[in-house]
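1. need a 3D model of the following:
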Amino acid sequence: MGRIVRFDLSKDLVARPSSILLEHAIRDRNENQALRVSTVIETHSAAFIVEQYPRFPLKLSATLALAPLAVFLLRDIPITTTYVQELIHECLREDDVLCSDFLSTILFITEEVSIDEKSLSCLSSFGCKTLYLLPPTYTITKGPYFYSCQGLFQTSRLYADTQEAFVLSTVPSQHDKNLYTNLNASAYGAATLCVAVPSRHYFTPSAEFPLAGMRVAVKDMFHLKGVRTTCGNRAYANLYRNQDVTSATVQHLIDQGAIIVGKTKMAEFAGSQEVIGDWADFSYAFNPRADGYLRSTGSSTGSASGIASYPWLDVGLGSDAGGSVRDPAVHHGIFGFRPSHDGSGEPNTPLPCERFHRSGHLTRDMETMIKFTRHGLKLNSSNQGTYRPKRILYIEEYGSDRQDVQEIFEHTISQLCNWLDTEIVCVSLESLWKDTNSVGSSESFAQYFEETFMEVLASDYWSHGSQFRLEYQQMFKAAPYICKVTRWLWNLGASINPGQKQAAIEKVRLHNSWFNMHVFCDNNTVIVRPRYNLQYRDDYLRPPEDREFFGFDSNLHATFAGLPELVVPIGQFPFHSDISNRVEFIPVSLSIIACRDMDIELLELTNDFLRQNGFSTSVLPGKTAFPTENKFTADGEHQKDGSLY
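-> Numbers count the residues shown, from 1 in each chain. Here you go, the predicted structure:
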């Protein structure tokens, strides 16, 4: 038991404080009850979801009506006007859930039992009508709350998923961080999902929980205990219903303190749906860049869309076989990373073609990228010193087809070479292959490896789907619906005999040994290439059977050899949009491949280069990745933030 001091600022700033007795509210911790109550509160500026049970049993009210409250932790110093102003402004800047709506009632955790008239007047200027002083013997986390006679309830802010990036909005159980439920709440009159994000003030990163409070959206091929996994297919979701296990990758994130705020849309079974016409079961996520109608290509489309669109989202977890993290990163102008891979699978995760598939992630800034990679993937730096490669390799066949993109790339690489005190080495992949291949083939590199990826991938996809097809047929006495792209991929996989597949696997091994010997050569090499994409979501494509799915894509070097590859936004270029009928900006990216198991070294190298050479280490959410005040110049003139226009 303890006492709290109350000031009523609405009546008289010099009113005498009164003391009220703290009482413990009774709460029901049985979450298995038949009814689960979700309360949505809309204030003047935002909407919030309130937890079902109070976190702290402080009785500050005599009614069940919920009212907003802001809790602040004060240092052990006298309360002054300047301190109060700085404290409130700082807490508002640090969090997007705590806002002025909560300042009508304020609770200070402090040793002080009185407050001077000027400080009360200062609080009143923030809209505060009631102030409570509570001694620090009560452990209450700072941040926004709603309170009633039952106690203090933590809250999450609701954001409308305007870009349709999410398929499910999720919230953790109050009493079991490993159990999640769907958020069945709407606000703002939105026709799409609302996603709930908890206050950042509730979490403090530590050695035990380094990702505490990090808001993560996961691609909907990772299981999350308590909710459905769709894999981008409604038949799959209807067959398997709510999951009773969490994928190992996601469970590790939760164990590190991360909060899973939702599951994002994906191409069906992580396939290759490229335009609106390919999507049948779910709507195609929007890409916010430029005129808003660019493709959101890549099977991790929802995770990329969310990161490029929403400042309240920190990380998008995806997966990558042939580029399903890297390509969306390019299309959306964000940072994307496919880590090293040894070909092993990830427990409790329905990843098709585990030989190539690897979880990866997307962010808007390098600091978050490094932190998430180090702790979320359990990767530590293997280098005792600072990693500074001596050889920057550029493969001529992977140059850009646009002069302005190539200029941005060459300007960036020139700075990288100067910074590393080295020179770029330009090579022709085809010439190297012709001179050094050990199989005596007269075919070009592109011809020799043209069908390799698709033969391995399609065969594994067909085999991976066999249990789903069988169990669905047994349950519903019918075949499951799959989109035309998946149908083509499965049909191809069914036609590949074991001998063909083994021959393709041998070609993968040949590629890796040849690439490491004649292209990479040693750990002091990184490979760079320019990336951009200017294609539209509503383009009409030929039927899947008539498309060019075969061929060797530049993404496949890292895929085959399990190498880490990072996509870095480095600038943008203008174009005239036929949709908006005005000039819009397309992001330009730099792709960097490093040697196996040099993941953290690659990220830290890139971050150091960007930071020390005037480039931005972060991008903006919304229409443009970088500010657009200055006009693009062909000579690669720097913007004030280091990005190129």
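2. count of neighbours near the closest residue in space to Leu610 that isn't next to it in sequence?
-> Closest residue to Leu610 apart from its sequence neighbours, by C-beta to C-beta, 6 or more residues apart in numbering: Thr617 at 4.8 Å. C-beta here means a position set from N, CA and C on the backbone, and glycine is covered the same way. Per other C-beta atoms under 10 Å, the neighbour tally for Thr617 reads 20.
3. swap in the one 10 residues further on?
-> When neighbours are counted by other C-beta under 10 Å, Pro627 registers 15.
4. so it touches Leu620, yeah?
-> Yes. With contact defined as C-beta atoms under 8 Å, Pro627 reaches Leu620; the gap is 7.3 Å.
5. for Val227, see how far away the residue nearest to Pro621 when sequence neighbours are not counted is.
-> Spatial nearest neighbour of Pro621, chain neighbours left out: Pro311 (4.9 Å); criterion: C-beta to C-beta, 6+ apart. Relative to Val227, Pro311 is positioned 25 Å away (C-beta to C-beta, to the nearest Å).
6. again with Phe356
-> From Phe356 across to Val227, the span is 27 Å (C-beta to C-beta).
7. I'd like the average pLDDT over stretch 532-546.
-> Averaged over stretch 532-546, pLDDT sits at 95.
8. now do that stretch: everything it contacts.
-> Applying C-beta atoms under 8 Å, 6 or more residues apart in numbering, the contact partners of stretch 532-546 are 274-278, 284, 286-287, 293-297, 327, 330-331, 400, 402, 405, 484-485, 487-489, 547, 573, 575, 586-589.
9. the helix or strand in which Gln500 is found: how far from the chain's middle?
-> Element membership for Gln500, per DSSP states H and E: helix 498-515. Helix 498-515 has its C-alpha centroid displaced from the chain centroid by 33 Å (C-alpha atoms, centre = their mean, to the nearest Å).
10. what of stretch 540-555?
-> Taking the mean of its C-alpha atoms, stretch 540-555 sits 27 Å from the chain's own mean (C-alpha atoms, centre = their mean).
11. end-to-end on it?
-> This stretch, stretch 540-555, spans 24 Å end to end (C-alpha to C-alpha, to the nearest Å).
12. next secondary structure after the least confident helix or strand in the chain by mean pLDDT?
-> Of all helical and strand segments in the chain, the minimum by mean pLDDT, DSSP states H and E falls on strand 18-21, at a mean of 36. Where DSSP H and E defines the elements, the next helix or strand beyond strand 18-21 is strand 39-42.
13. quick one: strands adjacent to that following strand?
-> strand 47-50 (antiparallel) (DSSP bridges).
14. show me the contact partners of the partner strand.
-> Residues from elsewhere that reach strand 47-50, judged by C-beta under 8 Å, 6+ apart: 38-42, 66, 97, 144, 146, 153, 155-158, 171, 183, 185, 187-188, 194, 196.
15. again, only this time at 7 Å
-> Applying C-beta atoms under 7 Å, 6 or more residues apart in numbering, the external contacts of strand 47-50 come out as 38-41, 66, 146, 153, 155-158, 183, 185, 187-188, 196.
16. by neighbours, which of those residues wins?
-> Counting neighbours by other C-beta under 10 Å, Thr155 leads the contacts of strand 47-50 with 27 neighbours.
17. need the contact list for that residue.
-> Counting by C-beta under 7 Å, 6+ apart, Thr155 touches 48-50, 97, 144-146.
18. for Asp404, phi and psi?
-> phi -70, psi -40 (degrees, to the nearest 10).
19. and it, how many neighbours?
-> Other residues close to Asp404 by other C-beta under 10 Å number 21.
20. same deal with Arg596?
-> 17.
21. of all residues in the chain, which one is nearest the centre?
-> Central residue of the chain (C-alpha atoms, centre = their mean): Gly316, 1.6 Å from the mean position.
22. now that one. Nearest residue, chain neighbours left out?
-> Gly316 sits nearest to Ser303 (C-beta to C-beta, 6+ apart), 3.0 Å away.
23. that neighbour contacts Thr264, doesn't it?
-> Yes. Using C-beta atoms under 7 Å, Ser303 is in contact with Thr264, at 4.6 Å.
24. these two - which one has more neighbours?
-> Applying other C-beta under 10 Å to Ser303 and Thr264 shows that Ser303 carries more neighbours, namely 39 against 29.
25. re the thing from before, higher neighbour count, Pro311 and Val227?
-> More crowded of Pro311 and Val227, by other C-beta under 10 Å: Val227, with 24 against 12.
26. tell me the secondary structure at the closest residue to Phe520 other than its chain neighbours.
-> In space, and not counting its chain neighbours, Phe520 is closest to Cys595: 6.3 Å by C-beta to C-beta, 6+ apart. Under DSSP: H, G, I helix; E, B strand; the rest coil, Cys595 falls in the coil class.
27. for Cys595, give its distance to Val526.
-> 8 Å.
28. same check on Pro564?
-> Separation of Pro564 from Val526 (C-beta to C-beta): 10 Å.
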